[in-house]
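*Asks:* this one's structure only:
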């Protein structure tokens with residue numbers, strides 16, 4: 001149990017470093033483009049990735065609600 005906690009803690013400490021590197025790469029790509037199409041595409045991708053978990057959780061809560069009521 002203790003080793004599992006240490007592994008999860010280590011992963012959580014590493015992930016922000018990796019994600020920060022990716023954000024710098026995205027920013028460099030957006031800054032290098034002269035038109036706004038790349039920035040718009042990246043923003044649309046972020047919104048899509050953000051919306052999917054919310055839809056899944058809402059569906060789960062709706063399913064639980066229906067099971068509890070019926």
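*Replies:* Yep, it's here. In this text the structure is predicted, and so the values were computed from the model without any measurement.

*Asks:* now do the helix or strand that contains residue 46: which elements does it pack against?
*Replies:* Assigned by DSSP states H and E, residue 46 belongs to helix 37-69. Here helix 37-69 touches helix 2-32, going by 3 or more Cβ pairs under 8 Å, 6 or more residues apart in numbering; DSSP states H and E. All C-beta spots, glycine's among them, are computed from the backbone N, C-alpha and C.

*Asks:* what packs against the helix it packs on?
*Replies:* helix 37-69.

*Asks:* pull the distance from the helix it packs on to the chain's centre.
*Replies:* The chain centre lies 11 Å from the centre of helix 37-69; the measure is Cα atoms, centre = their mean, to the nearest Å.

*Asks:* show me where pLDDT drops low in the protein?
*Replies:* 16-23 (pLDDT under 70).

*Asks:* tell me, how many residues neighbour residue 42?
*Replies:* Around residue 42 there are 15 other residues, counting by other Cβ atoms under 10 Å.

*Asks:* tell me the contacts of it?
*Replies:* For residue 42, the contact set (Cβ atoms under 8 Å, 6 or more residues apart in numbering) comprises 26, 29-30.

*Asks:* at 7 Å what do you get?
*Replies:* Neighbouring residues of residue 42 by Cβ atoms under 7 Å, 6 or more residues apart in numbering: 26, 30.

*Asks:* next one: residue 50
*Replies:* When the contact criterion is Cβ under 7 Å, 6+ apart, residue 50 has no partners at all.

*Asks:* so how far is residue 27 from it?
*Replies:* From residue 50 across to residue 27, the span is 18 Å (Cβ to Cβ, to the nearest Å).

*Asks:* cool, residue 41 as well?
*Replies:* Residue 41 is 14 Å from residue 27, where distance means Cβ to Cβ.
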